[in-house]
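K.L.:
have a look; sequence and predicted model below, questions after that.
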Amino acid sequence: MTSAEHDGRPGRILLVEDDAVAAHFAMHVLGRQGGFEVVHTPDPAVALQRVSSEAWDLVLTDAELPGMTGLELLEAVRRLSPGLPIAVITAHEPGETTVQALRKRADEFLQKPVRPDRLLAAAVSLVAKGRAARLAARQAVLAIGTHPGDVETGTAGTLLAHRGIGHKVSILTLTRGHGTTSGASGGSGQGGRAGGSEMAALALGATLFLEDLQDTSFEDGGTAASVIRRVIETVRPTAIYTHSLHDARLDHRSTHRAAMLAAREIGSVYCFQSPSATAEFRPTRFVTIDEQVERKLLAVKAFASRGQARDCLEQDLVESTARQWSRPGGGRYAEAFEVIRENAAAAGQPAGYGRSLTA
Ligand SMILES: [Zn+2]
């Protein structure tokens, strides 16, 4: 199980200690003085069960326990929750073999008797260290589209691949439908496409931000950019997907420009392809979506089945486009992206291969 997320709480500590006096001491220092939530068990088996089923910030364990050595417990906790800090307290002499092994594997090693301020300082530091490490390892992706269905058509398979490796995925759709921004072909039913967005987000395991911007918001560009900035502050993405500048639709290009303004600080930015893409769309990154294509088509269908205008959404086109982009790589289906920039540390992105079809 993962460790507790940071939400302003001082943290949860699991205390494994069979000595009642030592347990009382640690609970008093960490709980009463430190403000931590401390849960105590003398039983290492119970401790492992709770590590596997609950979120923790720190395990503090005695080196000598009934039924399991401190080292065995430590190794088992490491397997269950690799990022969870572990501190060991022992009454053993520093020279002993068990102590040496524990010292090597533990994040912190404390010799009894432990001074209260030393114990508290160690706990505060380990909880902070664990949270920082989890934050650094966390990846979040934000895909930004003008109309309901744009993101799903362009990059649903890749978003699913992100989900598959544990990334948090969010979708920001700036308008409720084509009628509101294209000025042509009438309204496409506010409820219909909005409902489609929700269904599609559900199918993709994504968090949906559905805005209701009008034509004028795109003319000045600033409104769209400030909406995007606000969502970026909430989601804190490490990667952004949005429209390409190489698109025949002005409102798609406006979204691209607004996203570039708002996402200046984001390390990785990619542009997906819309059916309205021009011949200048030159992708250099391709993500195989063989395993995701079925679910992608399901997400796209959430819009098509509502009898919407088809200018951004054509299911057979979605499938044949995915077939076409698979040519440079091995798989059957792929999505193609222009790379605006890519963080060198973009490790953990879905496997892509970078050979341009047009080069
Ligand atoms: Zn569109």
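P.N.:
Cool, got the structure.
K.L.:
isn't residue 142 right next to residue 241, touching?
P.N.:
Yes - in this structure, residue 142 sits in contact with residue 241. The criterion is C-beta atoms under 8 Å, and the distance is 7.4 Å. To be clear about C-beta, it is placed using only N, CA and C from the backbone, and glycine gets the same treatment.
K.L.:
looking at those two, which is more packed in?
P.N.:
For residue 142 against residue 241, the residue with the higher neighbour count under other C-beta atoms under 10 Å is residue 142, and the figures read 29 against 26.
K.L.:
pull the contacting residues for that one.
P.N.:
When contacts are counted by C-beta atoms under 8 Å, 6 or more residues apart in numbering, residue 142 touches 170-172, 231-232, 235, 237, 239-241.
K.L.:
what of residue 122?
P.N.:
For residue 122, the contact set (C-beta under 8 Å, 6+ apart) comprises 87, 108, 110.
K.L.:
how does it look with 6 Å?
P.N.:
For residue 122, the residues meeting the contact criterion (C-beta atoms under 6 Å, 6 or more residues apart in numbering) are 87, 108.
K.L.:
just how off-centre is the helix or strand it falls within within its chain?
P.N.:
With secondary structure defined by DSSP states H and E, residue 122 is part of helix 116-137. For helix 116-137, the separation from the chain centroid amounts to 22 Å (computed by C-alpha atoms, centre = their mean, to the nearest Å).
K.L.:
what comes up buried for that helix?
P.N.:
Within helix 116-137, the residues that qualify as buried by neighbour count (16 or more other C-beta atoms under 10 Å) are 119-120, 122-124, 126-127, 130-131, 134.
K.L.:
same check, this time on stretch 246-265
P.N.:
By neighbour count with 16+ other C-beta under 10 Å, stretch 246-265 contains the buried residues 246-247, 249, 251-260, 262-263.
K.L.:
now do stretch 38-56
P.N.:
Along stretch 38-56, these residues count as buried under the neighbour rule (16+ other C-beta under 10 Å): 38-42, 44, 47-48, 50-51, 56.
K.L.:
closest one to the ion out of the residues you listed, please.
P.N.:
The nearest member of the buried residues of stretch 38-56 to the ion, counting by C-beta to the ion, is residue 56 at 44.9 Å.
K.L.:
hang on, that closest one packs against residue 15?
P.N.:
No - between residue 56 and residue 15 there is no contact under C-beta atoms under 6 Å: 10.5 Å.
K.L.:
what is the neighbour count of residue 156?
P.N.:
Number of residues near residue 156 (other C-beta under 10 Å) recorded here: 31.
K.L.:
and residue 326, its phi and psi?
P.N.:
Backbone dihedrals for residue 326, given as degrees, to the nearest 10, come out at phi -80, psi -10.
K.L.:
how about it: what's its closest non-neighbour residue?
P.N.:
residue 334 (4.3 Å; C-beta to C-beta, 6 or more residues apart in numbering).
K.L.:
bridged to that neighbour, which residues?
P.N.:
residue 288 (DSSP bridges).
K.L.:
who's in contact with the closest residue to residue 57 other than its chain neighbours?
P.N.:
Nearest-residue entry for residue 57: residue 11, 3.6 Å, with adjacent residues in sequence omitted and distances by C-beta to C-beta, 6+ apart. Residues near residue 11 by C-beta under 6 Å, 6+ apart: 36, 57, 127.
K.L.:
distance to residue 96 for the residues you listed - can I get that in a markdown table?
P.N.:
As requested, the contacts of residue 11 are arranged in a markdown table below (distance: C-beta to C-beta, whole Å):
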| residue | distance to residue 96 |
| --- | --- |
| 36 | 30 |
| 57 | 29 |
| 127 | 28 |
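K.L.:
and the residues you listed, which is closest to the ion?
P.N.:
Ranked by distance to the ion (C-beta to the ion), the contacts of residue 11 are led by residue 57 at 43.9 Å.
K.L.:
please report how far the residue in the stretch 1-150 of the chain that the ion sits nearest to lies from residue 322.
P.N.:
As assessed by C-beta to the ion, the ion sits closest to residue 147 within the stretch 1-150 of the chain, at 3.5 Å. Using C-beta to C-beta, to the nearest Å, one obtains 20 Å as the distance from residue 147 to residue 322.
K.L.:
which one of those two has more residues nearby?
P.N.:
residue 147 (32 against 24).
K.L.:
check the gap between that one and residue 295 for me.
P.N.:
Residue 147 sits 21 Å away from residue 295 when distances are taken as C-beta to C-beta.
K.L.:
repeat that for residue 101.
P.N.:
Residue 101 sits 47 Å away from residue 295, taking C-beta to C-beta as the criterion.
K.L.:
equivalent analysis for residue 234, please.
P.N.:
From residue 234 across to residue 295, the span is 25 Å (C-beta to C-beta).
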